[in-house]
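**Q** fold the following for me, if possible:
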Amino acid sequence: MTIVLIVFFLLCLTGIRLRFCNEAYISRDTTIQINGIFVFLVLLSHFISTLNSSFPYSDFYMEFREFMKQLVVTTFLFYSGYGVMISIRKKGLNYVNKLPTKMIELIINFSVAIVLFAILGWVLDKDYSFGRIIASCIGWKSIGNSNWYLFDILLLYGLSFFSYIIAKGKQRRFLGMMLGLSLMAMLFLAEYQNGTRWYNTFLCYWVGLTYGAYKERFDQWLLHKPWQAPIGLLIFGMCFLIFHYFRGNILFYILHAICFVLCVNVASMFLHFHSPMLLWLGKHIFSIYILQRIPMIVGKAIGLHEEYTIIYFFGTLVVCFLMAEVFDRCTKIIVKRLVY
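**A** Coordinates of the predicted model:
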């Protein structure tokens, strides 16, 4: 797996160039490509967890995976929060009123995936209750699929809608309400769900909202001169390493996740991304994220994970990517007919 990781990063480097004072550092194309990097890392992490024995030449990768842990999802949340705030600043209440529709679209897309997992479970003689399947459609439960991120993003969209309506469009009040409600949601998730993954990166969304609200100010501090972004990266990087050392404590874990995503954001201020590979991965982030476990489950069920790990891995990649392409095309038609 170390070889796969190195080859992937080398392919990424072919589409990255130095460009100081990069005005497009947080454009849609840039953020899609950055998310493309991390969704592939998520896929590798989920794949390696399905193996009973070690994948050849994986020692370095396992250390890298242990170092990253939940950091691989921080950009998903940060850029989602940023995108919501920028849209609110441009369209105001008109955009906020569309958030419930956006949530319905996500639930429809996820429900289609849940049908696939339910069919696979039936084939493999898994006994899932109807209630569990329904709860899986919003991410509260799982029937073999990755679920926590979907529930979190639905919850965050819902909190954004509620906070904006209550705050009556006042930006500072909106951000204050979102912070308070996010902290309450984290306590709720800590109480009623298993695993810190449900809430230890939750505030990255709020950080993205705040960044979107004060983007011009951050740009003034970090973007307008070539030396600003590298110094900013150094500062955030030092904070990240300090908090990373103490990340056994949940407070420091949350802080180190925030510092990490800010490091990525600041680094993009002097790096220009132009990679067709990353662009494709980023455009299919949702489908890759929710469908990747299907070929893993099938491969494991027929025993590929024990003796044919190389075939199992590349088979998983090919099937996952093909499914993602078909899934996105089909769900686009389904959503268009059901919602619009």
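
**Q** can I get stretch 18-35 in PDB, CA atoms only?
**A** Output in PDB follows, covering the C-alpha atoms of stretch 18-35 (Å, rounded to 0.1, in the frame of the first residue of the first chain):
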ATOM      1  CA  LEU A  18       3.800  26.800  -7.500                       C
ATOM      2  CA  ARG A  19       1.800  30.000  -7.900                       C
ATOM      3  CA  PHE A  20       2.200  32.600  -5.100                       C
ATOM      4  CA  CYS A  21      -0.700  34.900  -4.400                       C
ATOM      5  CA  ASN A  22      -3.000  32.300  -6.000                       C
ATOM      6  CA  GLU A  23      -6.400  34.100  -6.200                       C
ATOM      7  CA  ALA A  24      -8.100  30.900  -7.100                       C
ATOM      8  CA  TYR A  25      -6.900  29.100  -4.000                       C
ATOM      9  CA  ILE A  26     -10.400  28.400  -2.800                       C
ATOM     10  CA  SER A  27     -12.300  28.300  -6.100                       C
ATOM     11  CA  ARG A  28     -14.700  25.500  -6.900                       C
ATOM     12  CA  ASP A  29     -12.100  23.700  -9.200                       C
ATOM     13  CA  THR A  30      -9.400  23.900  -6.500                       C
ATOM     14  CA  THR A  31     -11.500  22.700  -3.600                       C
ATOM     15  CA  ILE A  32     -12.900  19.800  -5.800                       C
ATOM     16  CA  GLN A  33      -9.300  18.700  -6.600                       C
ATOM     17  CA  ILE A  34      -8.200  18.900  -3.000                       C
ATOM     18  CA  ASN A  35     -11.200  16.900  -1.900                       C
END
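
**Q** for that stretch, buried residues please.
**A** Using 16 or more other CB atoms under 10 Å as the test for burial, stretch 18-35 gives 19, 22, 25-26, 30-35. Using the backbone N, CA and C atoms, a C-beta is placed for each residue, glycine as well.

**Q** ok, now stretch 225-233?
**A** Buried positions in stretch 225-233, judged by neighbour count with 16+ other CB under 10 Å: 228-229, 232-233.

**Q** let's have those residues in JSON lines, adding pLDDT and secondary structure.
**A** Below are those laid out as JSON lines (pLDDT from 0 to 100; DSSP: H, G, I helix; E, B strand; the rest coil):
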{"residue": "Gln228", "pLDDT": "93", "secondary structure": "helix"}
{"residue": "Ala229", "pLDDT": "94", "secondary structure": "helix"}
{"residue": "Gly232", "pLDDT": "95", "secondary structure": "helix"}
{"residue": "Leu233", "pLDDT": "96", "secondary structure": "helix"}
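
**Q** you'd agree Ser287 is up against Met323?
**A** Yes - Ser287 is within contact range of Met323, at 7.2 Å (criterion: CB atoms under 8 Å).

**Q** contacts for the worst-scoring helix or strand of the chain on mean pLDDT next, please.
**A** Sorting the helices and strands of the chain by mean pLDDT, DSSP states H and E puts helix 304-307 at the bottom, at a mean of 81. Residues outside helix 304-307 that contact it (CB atoms under 8 Å, 6 or more residues apart in numbering) are 50-53, 299, 311-312, 315.

**Q** quick one: the buried residues of stretch 225-233 as TSV, columns for distance to Gly180 too.
**A** Listed next are these as TSV, based on distance: CB to CB, whole Å:
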residue	distance to Gly180
Gln228	32
Ala229	32
Gly232	28
Leu233	30
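
**Q** quick check, nearest of those residues to Lys168?
**A** Distance to Lys168, by CB to CB, is smallest for Gly232 among the buried residues of stretch 225-233, at 34.1 Å.

**Q** give the contact list for the closest one.
**A** Per CB under 8 Å, 6+ apart, neighbours of Gly232: 221-222, 266, 269.

**Q** so which bits of the helix or strand containing Phe151 are buried?
**A** Assigned by DSSP states H and E, Phe151 falls within helix 148-167. Judged by neighbour count (16+ other CB under 10 Å), helix 148-167 contains these buried residues: 148-157, 159-161, 163-164, 167.

**Q** show me where the stretch 201-340 of the chain has helices.
**A** For the stretch 201-340 of the chain, applying DSSP state H, counting those that start in this stretch gives helices covering 203-213, 215-222, 228-245, 250-267, 276-283, 285-291, 293-301, 304-307, 309-339.

**Q** for the first one, what is the average pLDDT?
**A** Looking back up the chat, that one is helix 203-213. Averaging pLDDT along helix 203-213 gives 97.

**Q** so it versus helix 148-167, what angle?
**A** Inter-element angle recorded for helix 203-213 and helix 148-167: 50 degrees (by axes from the mean of the first three to the mean of the last three CA atoms, to 10 degrees).
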